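Engineer: The sequence and its predicted three-dimensional model are supplied below.
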Amino acid sequence: MLPIVLYPHPSLRFKARRVTRVTDTLRQQATEMFESMYDANGIGLAAPQVALPYQMFILNTAGDPEQKDLEKVILNPEILEKTGTAEGQEGCLSFPELFQKVRRAKTIRVKYQTLEGLEVEEALTGLHAKAFQHEYDHLHGVLFIDKLGPIGKMAARGAIASFERLHLQDQKKGEIPTDAELLARLEELAQLA
Ligand SMILES: [Zn+2]
C-alpha cells in the first residue's frame, strides 16, 4: 500500500508528467493505489497523492472493493468539453475531514488512455463527472481548496493552517523529509515517466 500524502506535501503542487509507457511498475502502483484508496474510504485517488508525479488517477465511484467493474485507471486525461454547472460537497484524501462546496461542470466530455493501451473518449455526468474533474485537477497541481468561494475559503482557513502547521512540525521532528528533499525525489521520479 502506498501512503497518501497530506497537504501541503509538495507533490500536491507538482505538475505530473504524461505517462509515455505502461510498465509493470506502473501497473503495480495502480494496484497499490486502489488498496490505499479503499483503506481511506475514498472514491478517487491521483498519483500525486501518493507522491508519484505521473498523469494517472484511479476511480471507483462506489468506493467498494467488491465492485471491481467500477474500477477505472485513467492515464493522460484531457477534458475536451464542459457543460452546465453543478455545486456539491467535496472532500479530498489529502485533507482529512475537510469538506466544502465546490462548483464544477455538470457534464464533461473526456479523453484518456487505459493501462491496456486503449484510447477512450466518453461523456460523464453526476458523480462520475465530479470525481473525474477533482482527480484531473490533482495532475495539474490544482486542489479543491483553490476552487472554494469566498465563504468556503473563510470556513476552511483554520483547517488549512493546521495542516500546514502539522507538516512543519513533522519536518522539524524529522518524521518527513524537508520540502527540498521531497522535491528532489519528485524530479527523480518524473524522469522515469
Ligand atoms: Zn483530492
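Structural biologist: Nice, thanks for sending it over. Residues are numbered from 1 along each chain as shown.
Engineer: Tell me, how many residues neighbour residue 145?
Structural biologist: 21 (other Cβ atoms under 10 Å). Any C-beta I mention is one placed from the backbone N, CA and C, and that applies to glycine too.
Engineer: Actually, residue 152.
Structural biologist: Neighbour tally, residue 152, other Cβ under 10 Å: 18.
Engineer: Ignoring the adjacent residues along the chain, who's closest to the most centrally placed residue in the chain?
Structural biologist: For the chain, residue 46 is the residue whose C-alpha lies nearest the centre (Cα atoms, centre = their mean; 3.0 Å). Excluding its sequence neighbours, the residue lying closest to residue 46 (Cβ to Cβ, 6 or more residues apart in numbering) is residue 138, at 3.4 Å.
Engineer: residues contacting that neighbour?
Structural biologist: 12, 16, 46-49, 57 (Cβ atoms under 8 Å, 6 or more residues apart in numbering).
Engineer: switch to 7 Å and redo it
Structural biologist: Residue 138 makes contacts with 46, 48-49, 57, as judged by Cβ atoms under 7 Å, 6 or more residues apart in numbering.
Engineer: C-terminal to the longest helix along the chain, what's the next element?
Structural biologist: Using DSSP state H to define each element, the chain has its longest helix at helix 150-172. Next in sequence after helix 150-172, counting helices and strands by DSSP states H and E, comes helix 179-190.
Engineer: Give the buried residues for that following helix.
Structural biologist: Within helix 179-190, the residues that qualify as buried are 182, 186, 189, counting by 16 or more other Cβ atoms under 10 Å.
Engineer: can you pull the pLDDT of the second one?
Structural biologist: Each residue has a pLDDT score; the one for residue 186 is 98.
Engineer: That one is in contact with residue 13, isn't it?
Structural biologist: No. Counting by Cβ atoms under 7 Å, residue 186 sits too far from residue 13 to count as a contact (10.0 Å).
Engineer: Can you pull the residues that touch both of those two?
Structural biologist: What both residue 186 and residue 13 touch, as defined by Cβ under 7 Å, 6+ apart, is an empty set.
Engineer: in the chain, which spans are helices?
Structural biologist: Under DSSP H, the chain gives helices at 24-39, 126-138, 150-172, 179-190.
Engineer: Tabulate those helices in CSV, adding columns for distance to residue 61.
Structural biologist: Compiled in CSV, the helices of the chain are given as follows (distance: least, Cβ to Cβ, whole Å):
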stretch, distance to residue 61
helix 24-39, 12
helix 126-138, 5
helix 150-172, 23
helix 179-190, 28
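Engineer: Of all the ones you listed, which one is nearest residue 4?
Structural biologist: helix 24-39 (5.6 Å; Cβ to Cβ).
Engineer: now residue 166: how far from residue 77?
Structural biologist: 31 Å (Cβ to Cβ, to the nearest Å).
Engineer: One more: residue 173?
Structural biologist: From residue 173 to residue 77 the distance is 37 Å (Cβ to Cβ).
Engineer: Looking at these two, which is more packed in?
Structural biologist: Taking other Cβ under 10 Å, residue 173 and residue 77 do not tie; residue 77 has more neighbours (18 against 8).
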